[in-house]
Every structure is written in C-alpha cells, then in structure tokens.
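[1] Here's my sequence, what's the structure:
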Amino acid sequence: MRVTVLNFKGGQGKTSIALTVAERYQLGMIVNEAYSSVQLVLEPDSYFVATKKLPDNDDLIFDFGGGVTPLMVEAVKTSDWVIIPTQANAADIFVAQQCYESVSNYSKNVIVVFNKIVVGDNTKELEAKFPNCKHFCTIHYSKAIENIYVEKLGIAEQIKKYPQKRRAFSKILSDYEKLFQVISSNLKLPIN
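    Next up is the predicted model:
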C-alpha cells in the first residue's frame, strides 16, 4: 500500500497524520524535506529523504510538503490514497483547494482531512469548498498530536504506555478510526 500525505502549506498536520497512518499500517516513511519534523520522532535510519527518486517498495507513506514537483506527481500517481490535511481558516483552506486541484489531475482517491478542528468549526461548510471531492475526514484538536513529538510515540503507542490516556484521547482515536476505514475501504485491508 502507498499513501501520500501532502499540502503546499506547512503546519497543516501532514507529519502527524503520516506518522499515525504509518504506525497503523506498518508503512515506511518517506519525506521530501531534509528538515522535516519527522526527525523529532523517528531515528534517521527509520525514514528516507527522497529528493530525486522514490524507493521501489510498496508499503510506503510519503510525507510531502511544497509545490508540484515531478517527485510529488510520481508519489501521487503511485499511491492508493492521497490525504490533504488542512486547518479550518480561510488561508489554509485556499491553499488546500489549490493542492486538491493539482492532485486531482493525477488521482481520484483523495481524502481532504480537516485537521485540528475545534468546537464551532462547521465541517459541512468546509466540505462545500471542495465540490469534487468525495472523501472527507475530521480530526479534532487533541494533546495526543503534540505528544507524538514530545513522547516520540504514535497515538496507539502512547495509549499502550499510558492506558489512563485512553479516555482523554477517545475523540481523536475515533476520528482516526474513521480515516482508517476510508483508507481500508479502497484497499480491502482489515482494520487492525
């Protein structure tokens, strides 16, 4: 399985989503930026920085920032799913729309993820801004995301280490389960 997580704008949650999906499906991590926040979580031998060519492996997740490049196009074309995370403010949505338009030329399996959603954010209004997209997921704001970088553990691993956090992280766990169901629905993979 291959998944690409990308947005042209930083700070949208690409890496935390990529790390969580990689943890769930045991995917190798590929980044296209030498200074990715993935360094805060993974050891240097646990991910690959692709600048010219993508690895041939099948079980990969691409955590790509920046604009349209031949490498990004190749990743999108060879991925089972493309995930575009965005936050709910107007500037972030605008850039995500541009990203969606570029990506949809190469893949129809696109999931727009409204990330770090808080009470009062209207996701139905946000979905309307992507009229051709068929798949949406919402991930609510949670300390679990910050803890990925502090604890150097994915959400599932945090709960294994600190079972008392299961209740506090229940909403984000539910949000990610919905994302995993969309990913698995196309791939016919069992949900672990």
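[2] all contacts plus neighbour counts: C-alpha atoms, from now on.
    Will do.
[3] just the strands in this protein please.
    2-7, 28-31, 47-49, 60-65, 81-86, 110-117, 135-140 (DSSP state E).
[4] In CSV: those strands, plus mean neighbour count, mean pLDDT and distance to Leu19.
    Output for the strands of the chain, formatted as CSV (neighbours: other C-alpha atoms under 10 Å; pLDDT from 0 to 100; distance: least, C-alpha to C-alpha, whole Å):
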stretch, mean neighbour count, mean pLDDT, distance to Leu19
strand 2-7, 26, 96, 10
strand 28-31, 22, 92, 8
strand 47-49, 17, 88, 11
strand 60-65, 26, 93, 9
strand 81-86, 27, 97, 13
strand 110-117, 22, 96, 14
strand 135-140, 20, 95, 14
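[5] Using CSV, please lay out those strands together with distance to Ser185.
    Formatted as CSV, these follow (distance: least, C-alpha to C-alpha, whole Å):
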stretch, distance to Ser185
strand 2-7, 14
strand 28-31, 21
strand 47-49, 27
strand 60-65, 17
strand 81-86, 11
strand 110-117, 12
strand 135-140, 11
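[6] give me every residue that touches Ile159.
    Shown in contact with Ile159 (C-alpha atoms under 8 Å, 6 or more residues apart in numbering): Lys165, Arg166.
[7] Please identify which of the strands of the chain is closest to Ile155.
    With C-alpha to C-alpha, the closest approach to Ile155 among the strands of the chain belongs to strand 135-140: 12.9 Å.
[8] partners of that closest one in the sheet?
    Strand 135-140 has its sheet partners listed here by DSSP bridges as strand 110-117 (parallel).
[9] Please compute how far the strand it pairs with lies from its chain's middle.
    8 Å (C-alpha atoms, centre = their mean, to the nearest Å).
[10] what's in contact with it?
    Contacts of strand 110-117 (C-alpha under 8 Å, 6+ apart): 12-13, 81-88, 100, 104, 123, 133-142.
[11] most distant residue from the middle of the chain?
    Gln164 (25.8 Å; C-alpha atoms, centre = their mean).
[12] Now do the helix of greatest length in the chain against strand 2-7, angle only.
    For the chain, the helix with the greatest residue count under DSSP state H is helix 170-187. Computed by axes from the mean of the first three to the mean of the last three C-alpha atoms, to 10 degrees, the angle separating helix 170-187 from strand 2-7 equals 130 degrees.
[13] Pull out the buried positions in helix 170-187.
    For helix 170-187, the neighbour count (16 or more other C-alpha atoms under 10 Å) marks Ile172, Leu173, Tyr176, Lys178, Leu179, Phe180, Val182, Ile183 as buried.
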